[in-house]
Structure formats: C-alpha cells, structure tokens
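1. Give me the fold of what follows.
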Amino acid sequence: MTALRRDRPALLAAAALAPLATLALIAPKIAPPMLASLALAYSAVIVAVALAARGAVLASLGASARRAVPAIAVGTALGALSFFFALGSRGGSARDVLGGLGSTAAILLTATTVGAVVGSRVPHRGHLLPVALVSTAVDLWSALAPEGPTRALATAPDPAWLRILAASAPIAPSRAMEPMLGFADVIFAALYLSAARRHSLSLARTTIAVSLGLAAAGVVAVLLRKPLPALPFIGLFVVFLVRESRDVAREDRGAVAFAAALVLAACARLLWLYAGR
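-> Below you'll find the predicted structure:
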C-alpha cells in the first residue's frame, strides 16, 4: 500500500484535499463567528498544503522528469478543466464547490511537484537561508508594492483568475470557495521539505516550521485586517526552527549578505511608499 501511494501522486493530492472537501460538506450546517470561520477555513488549507507537500516529497516527484512531467501535466489539465467547469456558476453551488476543489487539487499537485523538483536540487543545506531571504524580498515586493504582480492579481475585477492560482476553502456557513494561499506559497512549502529530505534534515520539524509560518501569516493578516505575503513567515520559521538551514559555508556568506540587502531594500521601499500616504 505504501508503494502504491508513492507511485500515485494523484491519490496523494486527493488525500490532501480531504480536509477541504469535508469542510465544504459541513459548512452549511454550522454557523460559527466570522473569525472562527476564517480560522477553520485557513487551517484546512494549511493541513492540505502540508499533506500535499509532504506527499510530493515522499513520492519523490522531484527526483526525475519521468515523475515530475506527468504530475505537472495532470495538474495543469485538471486546473484548466476545473476553471472552465466553474465559469458562470453560482457561488456556493455544487458546480462552484467542485470547480474550486478541482482547482485546489490541481494547485496542490502542480505546485508541490515544482517545489519538490527545485528543493531536491538545492546543493547545500545552508542555501536555505539565502532562499528564505530572497523569497522574502520578492514576495514583499510582489504582494505589497503598487506594481507587484501578486497585488495586481489579488485586486483584479474577475476573481476567477485568482481561483486558478490560489488554494481555496469554503468559509462557513457559505460553501463558496474563497482563495486562501497562493501558488508560490505551495511551491515553497514543498521546496523546503524536499531540500530537508535531500540533506537528511528533520522532515517533521520542517513540516511544523512551514505550517507555523503559514499560520503566523494568517494571524498577522487578521490582526492587520489586510492580506499579507506568506513567504516571509514561512522562511522565518524554517530558518529559526531548522537549525541546519543556517549552516552557511564560508564561500556562500557573500550571497547571504546580498540576499539580506535585498530584504532591507524591499522593506525600505515599502516604508517609503506607505509613509508618504
């Protein structure tokens, strides 16, 4: 059974989708306060991402093109089919829910495979520190700067495009699928886990670090009442909880310094932009 699961990434994606499918079924039957409903939906997405990323790594989807290409092809086809299936559907309808779950399954399969491919090729465990820093700088700019592509997508008038690039969950008591986590967030979740496995780091600790980073991003977003990029939080928790990720070789310290400078530059620009308002 273990061998079968590892050779069938589509089954792993389906297992990861179970928390979201369960929530979609019970959402109309419960009426928690809005904050609790958001927490429930976001927690279901975190569990789905953690399961999918861990499954992709255990299935060795990033080990070779023979595994990666079919998984990405299946995920892409499923995403396109789900997108067109859900077009014009009423929010919360069975068609909308199935389209949202299909799109999310496609994202989980495709993004975790991409992350597993990249993570399995990280040459040194100490390279996770510059990876965390560079991804932080890029995500801050992309999500918060006026010209950032993530910000443009999040504020697009047609939410259908956001649906195909973000893992979604229903917010009770509605069954309408709402975007929660972006494609890049899922990629980096799998990237960190794949790199951890390659360099014999604790897969359990890395999974916990990624999950806590995602949870922290959600909590801070609720407190500030605005969407926030998740990659800075994921990178922060991975760097602090996975000690080996800070084991930077002497010849790589210049790259770390440059990556840190990118983060400072991104933060300085954002402070300048928002201080002028």
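
2. Check the average confidence over stretch 174-186, would you?
-> On average, the pLDDT along stretch 174-186 is 87.

3. what comes up buried for that stretch?
-> Buried residues in stretch 174-186, defined by neighbour count with 16 or more other C-beta atoms under 10 Å: 175-186. (Each C-beta comes from the backbone N, C-alpha and C, glycine too.)

4. and it, how far apart are its ends?
-> Taking C-alpha to C-alpha, to the nearest Å, stretch 174-186 runs 25 Å from one end to the other.

5. could we number from 452 for the rest of this?
-> That works, and once the first residue is 452, the last one we named lands at stretch 625-637.

6. now the strands for this structure?
-> Listed in chain order, the strands of the chain (DSSP state E) span 617-621, 628-633.

7. Mind putting the ones you listed into CSV with distance to residue 580?
-> Formatted as CSV, the strands of the chain follow (distance: least, C-beta to C-beta, whole Å):
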stretch, distance to residue 580
strand 617-621, 26
strand 628-633, 22
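
8. Identify the residues contacting residue 648.
-> 508, 570-571, 654 (C-beta atoms under 8 Å, 6 or more residues apart in numbering).

9. Could you find the lowest-pLDDT member of those?
-> Within these, lowest confidence goes to residue 508 (89).

10. Let me know whether that residue touches residue 641 as I believe.
-> Yes. Contact criterion C-beta atoms under 8 Å: residue 508 and residue 641 qualify, at 6.6 Å.

11. and for these two, which residues touch both?
-> When C-beta under 8 Å, 6+ apart defines a contact, the residues bordering residue 508 and residue 641 alike are 563, 567, 570.

12. Ranking by neighbours, what's the top pick from the residues you listed?
-> Within these, most neighbours by other C-beta atoms under 10 Å means residue 563, with 35 neighbours.

13. Flag the shaky bits of the stretch 602-728 of the chain, pLDDT-wise.
-> 603-614, 727-728 (pLDDT under 70).

14. quick one, what contacts residue 633?
-> 601, 616-618, 681.

15. Throw the shared contacts of residue 508 and residue 641 into a markdown table and include distance to residue 553, thanks.
-> Converted to a markdown table, the shared contacts of residue 508 and residue 641 look like this (distance: C-beta to C-beta, whole Å):
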| residue | distance to residue 553 |
| --- | --- |
| 563 | 16 |
| 567 | 21 |
| 570 | 26 |
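
16. and the residues you listed, which of them are in helices?
-> Here DSSP state H is the test, and the shared contacts of residue 508 and residue 641 give 563, 567, 570 as lying in helices.

17. isn't residue 481 right next to residue 624, touching?
-> Yes. With contact defined as C-beta under 8 Å, residue 481 and residue 624 form a contacting pair (6.4 Å).
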